[in-house]
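need a structure here:
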Amino acid sequence: MGFGDLKTTAGLQVLNDHLADKSYIEGYVPLQADVAVFEAISSPPPSDLCHTLRWYNHIRSYEKEKASLPGVKKALGKYGPADVEDTTGSGAADSKDDDDIDLFGSDDDKESKEAKKLREECLAQYESKKAKKPALVAK
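Below you'll find the model as predicted:
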């Protein structure tokens, strides 16, 4: 993962391809990821890399606020597309596995008897109120 060496034309071309449909390196606002990549570029990119030049000028406008941008600055090799080899040697493969996180809760959890009873009572009250409502008559 990474853009490669951003001091070469090949690395800048990978960055340009990445920024073709994105405004920032990560997310929808400037982050520390943008600052890290910006600092790796030694000079403004050539004008034929229009997406990279647009991004470079935009991040350069945050010169005074760079330290206050949100996010955590990581190694340069952590940013960018996954299919490019990191030739800078600054990033290692991330071996952390996040498959054990259950975002929607487990199906094994059983409702307590009190919660089940309360839910059934609320549904019964709702049904009785709904039954008392007069039906809408079309004109």
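
Distance-wise, check E39 relative to H58.
15 Å (Cβ to Cβ, to the nearest Å). Every C-beta, even on glycine, is put in place using the N, C-alpha and C of the backbone.

again with P30
Where H58 is concerned, P30 sits at a distance of 8 Å (Cβ to Cβ).

between the two, who's got more neighbours?
Between P30 and H58, counted using other Cβ atoms under 10 Å, P30 has the larger neighbour count: 23 against 14.

Identify the residues contacting the more buried one.
24, 58-59, 62, 69 (Cβ atoms under 8 Å, 6 or more residues apart in numbering).

By neighbour count, which of those residues wins?
That'd be I59 among these, by other Cβ under 10 Å, with 20 neighbours.

Could you look up the SS state of the closest residue in space to that residue that isn't next to it in sequence?
With Cβ to Cβ, 6 or more residues apart in numbering as the criterion, I59 has its nearest non-adjacent residue at 4.6 Å, and that residue is F38. Counting by DSSP: H, G, I helix; E, B strand; the rest coil, the backbone at F38 sits in helix.

L123 now?
helix.

Neighbours of it, how many?
The burial count for L123: 10, using other Cβ under 10 Å.

which ones are touching it?
Going by Cβ under 8 Å, 6+ apart, the list of residues near L123 is empty.

so who does the most centrally placed residue in the chain touch?
Residue closest to the average C-alpha location in the chain (Cα atoms, centre = their mean): G27, at 4.6 Å. Neighbour list for G27: A33 [criterion: Cβ under 8 Å, 6+ apart].

again, only using 10 Å
By Cβ atoms under 10 Å, 6 or more residues apart in numbering, G27 lies in contact with 33-34, 70-71.

can you give me the helices in this structure?
According to DSSP state H, the chain carries its helices in the segments 9-18, 32-40, 50-60, 113-132.

where's E127 relative to K113, distance?
E127 is 21 Å from K113, by Cβ to Cβ.

How about D48?
Counting by Cβ to Cβ, the gap from D48 to K113 is 70 Å.

out of those two, which sits in the more crowded spot?
With neighbours defined as other Cβ under 10 Å, D48 and K113 compare such that D48 has more, 11 against 8.

so where's this protein uncertain?
Applying pLDDT under 70 to the chain flags residues 1, 83-111.
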